[in-house]
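Asks: give the three-dimensional model of this entry:
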Amino acid sequence: MWSTVTGLPENHTDALVNAAIDAGTFQNPSAKIRPRYRYWVPDASVSHASLAEDVKEAGEVGAGGVEVLGYYLYGGTFAPDDWSIYGWGTPAWQQAFNALAQAHVDNGLIMDFAMGPNQGQGVPAPENSEGLMWDLYSYNVSIPTGGSFSGKIPGWSDWPAGSLQAVIAGTVVSSVNVTVPNSPPSLNATGVAPGLPGDSPHNRTQVTLAADSLQDLTSRVTANGTLNVNFQANSTGLEINLFFVYLIHNGYRAQQDPAFLQGPQTTPQTWLQNGSWSVDHFSATGAKTITDFWEKYVLTNGTKELVMQVGNYGWEDSIETRGNVFWTRDFPSVFAAQHNYDVTKWLPILFHENKIGFDSEPPIWWITDESDAGDGHIADYRQTLTDLYGVYVETLNNWAHEYLDIQYSAQISYNLPMDMLQNVPNVDAPECESLGFNHLIDGYRQYTGPSNLAGKRIISTECGANHLEAYEQTMPELLWDVKRSIAGSVNQFVFHGYPYSGPYGNTTWPGFTTFDYQYSEMHGKRQPSWNFASDTIDFAARLQFVFQSGIPKLDVALYMKITNFPSIVRNYQPTDLEKAGYGYEYLSPDNFNLPEAYVSKGILAPERQAFKALVVRANDSMTPNGVQQLAEYAHAGLPILFSGGFPTYLLTAETVQDNLISDVLRPLASLPNVHVIPYEGLAASLASIGVTPLTKLSANTTWYTYWRRDDLKGMDYVFVYNDGGNLGLGNGYSEGTVQFDSTGVPYTFDAWTGEQKPILNYSQTDTSTTIFFQLAGNQSTIVAFADSPLSDSPVPTTHATSADAGILGLSSADGKLVAIAGPGSSSMSVTTSEGKVHSVAGAAQSTLALSNWTLVAESWTPSSDIFDIEKTSKTNTTHHLDTLTSWQNINGLQNVSGLGYYSTSFTWSAGSSYSNSSSSTGAFIDFGAIVHTIRVTINGHTLPPLDLNWAKADVSQYLIEGENTVEAVVSTPLLNVLRVYWDKLLSSGAPPPTPPAPAQDYGLIQPVRIIPYRATVLG
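Replies: Prediction:
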């Protein structure tokens, strides 16, 4: 922990790369650089002492602080405390929030906080306040052609006066039932027609309206809500559809009102006690509704000053507000100003696929008989919606700067009918999530391209949430998400999550559990792994230290204009770019307006990613601005590749732009730097025009690399990751080479131990460095290229350029190269950079597989009172194992969770003295892959943290002649023991709604080996 708050930028609101910041060191990053936990507070009835203790414990395991979120059941129905008193925003909540801020001050940590309960999307407010979320509600009436409507319009009496938005009439020319195939196409491609890129196909009745028949009849509605209209007969029309559209507040609750809840609730006396409403996310008024509430009701009595001292980000989760059509009161006027036509008569076609992505779709979709079925109007609607959402987040971002001197973070636009890429640059720290992005590296690149182009120092992720994995997530699984995030240019982790540890009503052991036991994970002292969590936290902190420094460098930008993100899917389907080593990110044409999006000497964004080429695909959607900007880039010399031909679709209904593609885009083919290429083989096409990757990969599995350049330190950092996916424990080993576009001095930065060591086996040309790697499945490494040798990590005068397979590694001693040879009777060779071939002998001893283990299993269970969450019963059993195996195979351990204390011994002898005084003996210990966590001691000496994907270490300094003792402590998740109590579990009165997952394998499973070596100084 840190006694003072360290790591905030000197200018607290400086969100850009290379901000002046006390980051600490690679060995010990500062609080600002460290990961944080999302911290779930059930409600304001909680103990302030428990809140403070939870914050303290987060710091003790290495977190930089927590992200405070008032959980408030997340839509549940039973609250064990009266939310009229303990609701979000009440005086009780203000006091709890103040206690959390004070705890961060006391422990030298920094704090993020949600701007409201649950996802942070609203605050208490009087019902139907102007700043609350708006929606459109439509009534439909069918009339025969040649018929009439006379009388009071539907809905007039259902809504407040002045709610009528529009009355639209249109002639139906066809109606068909659409059935989507069982295997629909990718979401980010046009589905069953009609549809825009990003739209997902659904079964529906599809009604086509004649576009030239659409009429706005709103002005003909009388003051008392009546309408009289006659329609002419139409030989081609099936019927007339009338649409009566009302502007209403959608009434979505960010926190339920006490009247809705079960439990000891009382009737609210004021709106402050009546829960929270989602605010209008498409106006400054909605944002101001939030900020005004904070200023008046939360940031009082010294809390503002505490937040200004330790506050890091005000924050909002991904938007999950339900409704029919996203809207705001000023939408029509803004739309008309942007697109030069009135949106009103097109309202009927907006009621499908213009809500949250995972909400249900209406059974009837109205489209038009235009050539694009009206998609151009929907695209224009979504463009205006995206622009208005930008106003909302910019207002909150500015408030955080101006009122609190802190920064703002939000999960931008995904799940919604907007171009996610456009608004990502509009907040200080854009945040994505591993779950919502389906763990996809390509998905992260869609988000990080605009962020990096805007120069954001931090791209955050809500990391580790997985469905149906509460109490079963392992540390290697969590780190799989961490590493894939880094590979996708995400560089800050907020781990999901950390529940309040104190007692809470109607809750059983092991304690308050969010999401009804549905989502991982419940980090904290209830978990047997908690005392070992610092190894993982420190690993992630060191990754953040490296990859928050400097500026990311990529090879290729992919054009991407998508107007709807109901889910994140892979956009570029082939894998040839990854296999060849190309680093790529996506850019929307809306990002071309950013200040750094210019071309110089044939490079796009030379001060940012420095893209060497831009790829546009034939099925991409163009925008007017995008077409013009592509032409400007082409004429500035940027290599542009039109993959599969030129695009044909312009994403607007503005007829003045009809010929833009043919007039502006197609003539670019005459330029020498513009290439029309086949869709297949993009990597080969890039290479053929001289665009080569920063890292050329040659491996037998899929590796990923990610590059950052830090001019201030004179360093290039490269993340190298072997993605083993879900191949199972210990599988996915790979070896290969990486050719780096650098000739600096190469080092490896070990994120597990904090060590920085020179790499001593590589070949180098005038332009590149090639290094050989052996990586376990899901293992990663950090390579650093220094402009000059590091003063605290001396480099020998020579290095190896190749070595036989029996050479386990290389080190240095007194400026000389040392070869570490494994067991073997034959000599092995090492070739050094001066061209000399050295012959070295292997170790005389053989590899030893350790056996005859003693396991003491410490079982964690609830006490006799399962509602006493503060007591955990711990009992020990002893087991003798000839060989290591899963606890599922050990009698009595099938339903046990807790800690495993393993011990064994082996005899070590250094053997007879080597005649060559330049040789010495030593050994590695190799545990293989670890299920969850591990701590190891040799003869009472604790080893540094071990890489969980390949847990091996040099133990030479701890060995003694004769008998040596190995002790290992492993922890487990709680799933196996919870399976026994599953039918008794409750959190806030709610049981798990699904059966438990199958039992997991726990314990040491893979063979443990002692691998002797002989170290020889190469003269």
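Asks: so which residues of the stretch 851-1000 of the chain form strands?
Replies: Along the stretch 851-1000 of the chain, the segments classed as strands by DSSP state E, counting those that start in this stretch run 853-862, 872-881, 898-908, 919-926, 933-938, 941-942, 952-954, 962-971.
Asks: among the ones you listed, where is the model least confident on average?
Replies: Out of the strands of the stretch 851-1000 of the chain, strand 919-926 stands lowest, with a mean of 92 (criterion: mean pLDDT).
Asks: what pairs with that one, and is each one parallel or antiparallel?
Replies: strand 952-954 (antiparallel), strand 1009-1017 (antiparallel) (DSSP bridges).
Asks: tell me which residue is most central in this structure.
Replies: Centroid-nearest residue in the chain: residue 433, 2.8 Å away (criterion: Cα atoms, centre = their mean).
Asks: pretty sure residue 30 contacts residue 65?
Replies: No: contact between residue 30 and residue 65 fails when scored by Cβ atoms under 8 Å: they sit 11.3 Å apart. C-betas here are computed from N, CA, C, even on glycine.
Asks: so for those two, which residue has more residues nearby?
Replies: residue 65 (28 against 21; other Cβ atoms under 10 Å).
Asks: state the pLDDT value of that one.
Replies: Confidence for residue 65, expressed as pLDDT, is 98.
Asks: what's the nearest residue to it if we skip its chain neighbours?
Replies: residue 109 (3.7 Å; Cβ to Cβ, 6 or more residues apart in numbering).
Asks: what's around the one you found, how many residues?
Replies: 27.
Asks: how near is it to residue 309?
Replies: For residue 109, the distance to residue 309 (Cβ to Cβ, to the nearest Å) stands at 11 Å.
Asks: where does residue 662 land in three-state SS?
Replies: helix (DSSP: H, G, I helix; E, B strand; the rest coil).
Asks: identify the residues contacting residue 220.
Replies: The neighbourhood of residue 220, defined by Cβ atoms under 8 Å, 6 or more residues apart in numbering, consists of 167, 227-229.
Asks: top of those residues by neighbour count?
Replies: residue 167 (24 neighbours).
Asks: tell me if that residue really is in a helix.
Replies: No: assigned with three-state DSSP, residue 167 falls outside any helix and is strand.
Asks: and it, what pLDDT?
Replies: Reported pLDDT for residue 167: 98.
Asks: these two touch, right, it and residue 216?
Replies: Yes: under the criterion of Cβ under 8 Å, residue 167 makes contact with residue 216 at 7.4 Å.
Asks: buried residues, the longest helix seen in the chain. List them.
Replies: In terms of residue count, the longest helix belonging to the chain (DSSP state H) is helix 375-399. Of all the residues in helix 375-399, those buried under the rule 16 or more other Cβ atoms under 10 Å are 375-397, 399.
Asks: so for it, mean pLDDT?
Replies: The pLDDT scores in helix 375-399 average 97.
Asks: mind listing the residues bridging to the residue lying closest to residue 19 once chain neighbours are set aside?
Replies: Nearest non-adjacent residue to residue 19, counting by Cβ to Cβ, 6+ apart: residue 9, 4.6 Å away. Beta bridges link residue 9 to residue 21 when assigned by DSSP bridges.
Asks: who are the contact partners of residue 9?
Replies: Neighbours of residue 9 in contact, by Cβ under 8 Å, 6+ apart: 19-21, 32.
Asks: one more: residue 159?
Replies: 137, 246, 248.
Asks: not counting its own residues, what contacts the host helix or strand of residue 103?
Replies: According to DSSP states H and E, residue 103 maps onto helix 91-106. Contact with helix 91-106 is made by 5, 39, 41, 43-46, 48, 51-52, 55-56, 65-66, 68, 70, 85-87, 109-111, 113, 297-298, 300-303, 306-307, 309-311, as judged by Cβ under 8 Å, 6+ apart.
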